[in-house]
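Peer 1: I'll drop the sequence and a predicted model, then ask my questions.
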Amino acid sequence: MTGRFAGLLGLALLAGGLAALGPMGVALAQEAMVGAPVPWGIGLQASGGPIKDAISSFNSLVFWIIVAITIFVFLLLVYVVWKFRAEVNPNPSRTSHNTTLEIAWTVVPVLILVIIAIPSFRLIYYQDRTVDADITVNVQGRQWYWHYGYPDNGNFTFDSYPVQNEDLQAGQMRNLEVDNPLVIPVGANVRILSTGQDVIHSFFVPSLGVQRYSIPGRTLETWMRADRPGTFYGQCNQICGVNHWFMPIVVRAVPQAEFDAWAAEAQTRFAQGLPPGAPRAIAVSPGAPAEPTQINVAEVRR
């Protein structure tokens, strides 16, 4: 009992200390989320935003309806096997066209479908688009990488390529990491305008509940919102060619201030064909200028 009391007291003091730190303490207490598949995972990925919350709720509704139907059918089957077995029913009934039974097995499935259809239609319209978007992001699927644009933040664009296995850093996920993730502010309604350059792709991030086809010649709209900081992984889930399996998506949700700083830096650095982080430079060879030469990543990859 003494140990438990001491533990509770320690948690209370920690909470009080974080509260005294104000927003910084809240930020420290809010651990960044990772939305990604896990080994032997069962069920849907953890939710990172309201759309996935709605999807999870609808999934639970349908799951319990299926459980109820399965139990009912199983019990009905047990009853029939027991009630009408040959030992107690040597002369089976040949009754057919039971009106009450036929009405029941027609009306009940219709009611079940109506119960499923109403929240299903609401969910489809909910995830279709947002009325009050805080930011717009253009998403274009290409063979085989993603091209992003920020028209509301200086109209800069950049490409997002998968990280090769030999370039993975400690803690990174194989076949899911990219060099330039899609960055969004936490709590912002992000309008996604999706299109394709060559074939049909699909922008799919399970933990944020977003999935929209990227079709050449068409612009499709959807939206997403991350309610907490974190990194959310996805992939193209439309068969788009030989490298379809290696077309990952990474969405990084950061506080608004951090996003503003990233966007301001990205406008300059992506315009030079460079990632938004620290400048990349090639080694200076003997006789070369002392000023390091910056690599144009976009040109190298072409």
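Peer 2: That came through fine. Here the structure is a predicted model, which means the values were calculated and not measured. Numbers count the residues shown, from 1 in each chain.
Peer 1: can you name the residues bridging to Ala253?
Peer 2: On DSSP bridges, the residues paired with Ala253 through beta bridges are Ile184, Gly230.
Peer 1: low pLDDT regions in the protein?
Peer 2: When residues are selected by pLDDT under 70, those of the chain lie in 1-31, 272-302.
Peer 1: strands of that one, start to end?
Peer 2: With DSSP state E, the ranges of strands along the chain come out as 33-35, 135-142, 145-150, 156-160, 182-185, 190-196, 201-205, 210-214, 220-224, 230-235, 248-254.
Peer 1: Leu75 is nearest to which of the ones you listed?
Peer 2: For Leu75, the closest of the strands of the chain is strand 210-214, at 37.1 Å, according to CB to CB. For every residue, glycine as well, the C-beta is placed using N, CA and C.
Peer 1: separation between Phe203 and Val34?
Peer 2: Counting by CB to CB, to the nearest Å, the separation of Phe203 from Val34 is 19 Å.
Peer 1: ok, these two, which is more surrounded?
Peer 2: Taking Phe203 and Val34 together and counting by other CB atoms under 10 Å, Phe203 has the greater number of neighbours (28 against 15).
Peer 1: report the buried residues of stretch 159-175.
Peer 2: Counting neighbours by 16 or more other CB atoms under 10 Å, one finds that the buried residues in stretch 159-175 are 159-163.
Peer 1: how about stretch 37-46?
Peer 2: Within stretch 37-46, the residues that qualify as buried by neighbour count (16+ other CB under 10 Å) are 45-46.
Peer 1: if we look at that stretch, which residues are touching it?
Peer 2: The set of residues external to stretch 37-46 that reach it, using CB atoms under 8 Å, 6 or more residues apart in numbering, is 33, 35-36, 52, 55-56, 59, 206-207, 233.
Peer 1: just give me how far it sits from the chain centre.
Peer 2: Put simply, stretch 37-46 sits 13 Å off its chain's centre (CA atoms, centre = their mean, to the nearest Å).
Peer 1: between the two ends of it, how far is it?
Peer 2: As for stretch 37-46, its first-to-last residue distance stands at 9 Å under the measure CA to CA, to the nearest Å.
Peer 1: repeat for stretch 155-174
Peer 2: End-to-end span of stretch 155-174 (CA to CA): 31 Å.
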